[in-house]
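> from the sequence below, what's the structure:
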Amino acid sequence: MRRLTKKKALTLVKELDAFPKVPESYVESTASGGTVSLIAFTLMAVLAFLEFFVYRNTWMNYEYEVDKDFTSKLRINVDITVAMRCQYIGADVLDLAETMVASDGLKYEPVNFELSPEQRLWHITLLHIQERLRVEHALQDLLFKSAMKGAPPVQPQSEDSPSSLRACRIHGHLYVNKVAGNFHVTVGKSIPHPRGHAHLAALVSHDTYNFSHRIDHLSFGEMIPGIINPLDGTEKVSAESNHMFQYFITIVPTKLNTYKVSADTNQYSVTEQERVINHAAGSHGVSGIFMKYDISSLMVKVTEQHMPLWKFLVRLCGIIGGIFSTTGMLHGVVGFLIDVFCCRFQMGIYRHLKEAPLNEDHTSNTLIPTENAAQ
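Residues are numbered from 1 along each chain as shown. From the prediction side, this is the model:
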């Protein structure tokens, strides 16, 4: 009984076979079929190889949500060189709540405004990258994934005395409240004031004013590799002494999560405006560099994603099966057309018409018995 049951089960399984085997004696191999098979296998190999590179590649996914973190501090990273002596200028931050932030984290370093050949080459390269980023936005995804850690060349030590250096490099970082504010560099050192703050500009001669500047770096939040900020490499040279430079910055909180970097930082967009201060012509204001920033209420989550393995296998099966089926159909259609054009394909109706006259001749030559012959 068990043997019979096993035989029935085996017979049932054989009947469910969706891939019936054809005996080799009924299979005919042709040169055209072999050529098509070779082309099909080559296409399968090439496309599978290219699909593997697609599987290895990653892409950046952007998501947006409301920023709910309003209690933390905002870090401002500054590296700016102004074409004035350090004792004549001061830098600080005044936020929207009229809170003056101490600039203890900033350092004032006397330098030359002109760059060395290595620094100038780096500066030109940075400007070229900035130009490409404005045109090709997908380049930022590449910078995110590569986590480029390039640093500008170190400024060589000047052999001149500090008193002969006519520029000042202000660099360091500040922690401010996460509200809109104004970071500025203007004439005179800042002093506290009951209504905000003030700068001791009366002690500085107008002949020494020169707010030509170069922004080597300006960012908000944690400094991470792979982000080139819009103002990095900006250089402004003014021929007028009384000049106001304004930068209007919108900060966007960003959570970056790649295979190399995972951090909370900020990106920003900027628009700029500059004008000469001339009270006689009606252009009022204070000479200096003003960076007015505001914080967006939306947060961007940038995540590096990868194609899952199951999706790669499905796509690979689709490539192999699609090429195999398509080449088989094309081979059949081409063979059919060749047979038609070469007059080697004959339908049954033509065969029947050719055989009909032979049957008529055979019937006409057959003797039909008559009455006389019978007698």
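
> quick one: the helices in the stretch 1-150 of the chain?
2-15, 31-56, 117-135, 139-146 (DSSP state H, counting those that start in this stretch).

> winner for burial among the ones you listed?
Highest mean neighbour count of the helices of the stretch 1-150 of the chain: helix 139-146, a mean of 16 (counted as mean count of other Cβ atoms under 10 Å). Heads up, the C-betas are built off the backbone N, CA and C, glycines and all.

> and I320, how far from M84?
I320 sits 70 Å away from M84, going by Cβ to Cβ, to the nearest Å.

> out of the helices of the stretch 1-150 of the chain, nearest to I215?
Among the helices of the stretch 1-150 of the chain, the nearest to I215 by Cβ to Cβ is helix 117-135 (10.7 Å).

> L133 versus the residue minimising distance to the centre of the chain, what's the distance?
Note on the chain: the residue nearest the mean C-alpha position is D141, at 2.7 Å, using Cα atoms, centre = their mean. D141 sits 11 Å away from L133, going by Cβ to Cβ.

> now S205
Applying Cβ to Cβ to S205 and L133 gives a distance of 41 Å.

> quick one, what contacts the residue nearest to the centre of the chain?
W59, M60 (Cβ atoms under 8 Å, 6 or more residues apart in numbering).

> do you know how far it is from L231?
D141 is 21 Å from L231, by Cβ to Cβ.

> G90 now?
Taking Cβ to Cβ, one finds G90 at 20 Å from L231.

> quick one, which of the two is more surrounded?
Applying other Cβ atoms under 10 Å to G90 and L231 shows that G90 carries more neighbours, namely 23 against 18.

> pLDDT of the longest helix seen in the chain, averaged?
Ranked by residue count under DSSP state H, the longest helix found in the chain is helix 309-341. Per-residue pLDDT over helix 309-341 has a mean of 86.

> report the buried residues of that helix.
F312, R315, L316, I319, I320, I323, T327, H331 (16 or more other Cβ atoms under 10 Å).

> L316 and E65, how far apart?
Note on L316: its distance to E65, by Cβ to Cβ, is 35 Å.

> ugh, typo on my part, it should be F52
To E65, F52 is 35 Å away according to Cβ to Cβ.

> got any ranges where the protein has weak pLDDT?
1-4, 17-20, 22, 24-28, 98-100, 102, 147-163, 193-196, 226, 343-375 (pLDDT under 70).

> need the strands for the stretch 101-250 of the chain, in chain order.
Ranges of strands in the stretch 101-250 of the chain, per DSSP state E, counting those that start in this stretch, are 106-111, 167-177, 181-187, 190-193, 196-199, 213-220, 234-236, 243-257.

> tell me what whichever helix or strand comes after the longest one is packed against?
Same thing as strand 243-257. Downstream of strand 243-257, the next assigned helix or strand under DSSP states H and E is strand 262-276. Applying 3 or more Cβ pairs under 8 Å, 6 or more residues apart in numbering; DSSP states H and E, one finds that strand 262-276 makes contact with strand 213-220, strand 243-257.

> what residues does strand 262-276 touch?
Here strand 262-276 has contacts from 74, 219-224, 227, 229-231, 236, 238, 240, 242-256, 283, 285, 293, 300, using Cβ under 8 Å, 6+ apart.

> let's see 6 Å
220-222, 224, 230-231, 240, 243-256, 283 (Cβ atoms under 6 Å, 6 or more residues apart in numbering).

> cool, and stretch 232-241?
H123, L126, L127, Q130, Y209, S212, H213, R214, I215, H217, F245, V276.

> ends of that stretch, how far apart?
24 Å (Cα to Cα, to the nearest Å).

> ok, stretch 84-103 next?
First-to-last residue span, stretch 84-103, Cα to Cα: 18 Å.
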